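Colleague: generate a structure from the sequence data that follows.
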Amino acid sequence: KQSLVQPQYIAQATNYVNNEGVFWVVLTNGLVYQIYKLNEPVSMANKLVMEIDLRQYGDMSSREAMIRQLELLSKERVVSGDLRRYTELVFAVEIVREGIQRLLREPTRSFVRAVRSSVGEELSEEQIRTVLPYLIISQQKDNIERSSSSDEKIVNKREERPEGGWSKDTLFKGKSPRIIEIYEQLVLRLNRLENTEIVYTQQYVRFSVVGEGLTTPSGRTFETFLTVVPRNSKLLLYLNLNWVDVPKLRPSAMRDVSNIWHDGPGEVEFSLASYDQLDDAEQLARLAYRRVRGA
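Modeller: Numbering: from 1, shown residues only. Here you go, the predicted structure:
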């Protein structure tokens, strides 16, 4: 099946429907369905309303959720306005989220005053203005600071580098701001793992343990524990873990890829599409890290 992540496929489908005055596009290869709303005043990458991957729904509850999403494409649901209302809600959430992020990064005086009125006047407006930008990542930072795992040190020896001219900017070009932010928060959660390296390639990000004297399964001086493949509406995480042994923390987001070609080592795929999955993704990544280190 052809991949849908190539920009030319989206552009070709868009040109077809624009000539007909149609606002909706469903792009599919039979396994993955991507639904776009073309008349939204956002970039093409952000016009994606939903992505349904039939391979990701293994248990009954997740299948029922998938069916409910697919039903939105039926004639009856389109005519009744259900698809339009669902789409309005999706874009409204993104607009509000981005607005709140802007206020946190660049708080207005009225916003600062509203916060001060809510928390009490023991804090000055200047203190509140200074603190607000940090709230974007405070939860992730708290999780890192509270962690006492034996695989973490105060001094971070993580390195980040491109490969063959590829970088984070080129790999994530055109991806939605939400997916980029989820990726950045995942990196933030993992950035205190000792002796790690992040390498950007044309198709994926490789997280590896590096350094002499490491006891890795292959005996090499570096070993990949996590590979991240960015898609328009999610991140595909491939973890260097055995499927039979891995805890199924979120079954609907996990898949056995031991007999399926994929980028990176390991047998576990985790589909990371929302902020509430970050705890599980982090836990699995740390398991893969410890396995690679021989801990």
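Colleague: how close does the nearest residue to Y36 once chain neighbours are set aside sit to N232?
Modeller: Taking C-beta to C-beta, 6 or more residues apart in numbering, and ignoring the residues beside it in sequence, Y36 has V25 as its nearest neighbour in space, at 4.2 Å. Backbone N, C-alpha and C define where each C-beta goes, glycine included. Applying C-beta to C-beta, to the nearest Å, the value for V25 to N232 is 13 Å.
Colleague: circling back: quick check, the residue nearest to Y36 in a helix?
Modeller: No. According to DSSP: H, G, I helix; E, B strand; the rest coil, V25 belongs to no helix; its state is strand.
Colleague: that one and N39 touch, don't they?
Modeller: No. With contact defined as C-beta atoms under 8 Å, V25 does not reach N39; the gap is 10.9 Å.
Colleague: where's R250 relative to D263, distance?
Modeller: R250 is 21 Å from D263, by C-beta to C-beta.
Colleague: also R206?
Modeller: 8 Å.
Colleague: how about D276?
Modeller: For D276, the distance to D263 equals 25 Å [C-beta to C-beta].
Colleague: next one: E94
Modeller: Per C-beta to C-beta, E94 is found 28 Å from D263.
Colleague: and if you look at M66?
Modeller: Distance from M66 to D263, by C-beta to C-beta: 24 Å.
Colleague: mind jotting down where the strands sit in the stretch 151-295 of the chain?
Modeller: Using DSSP state E, counting those that start in this stretch, the strands found in the stretch 151-295 of the chain span residues 159-162, 196-200, 205-210, 222-230, 235-239, 254-256, 268-272.
Colleague: before we move on, back to that, return every residue with contacts to both of V25 and N232.
Modeller: Q34 (C-beta atoms under 8 Å, 6 or more residues apart in numbering).
Colleague: so Y33, which state does it fall into?
Modeller: Three-state assignment for Y33 (three-state DSSP): strand.
Colleague: if anything else comes up later, I'll come back, but that's it for now.
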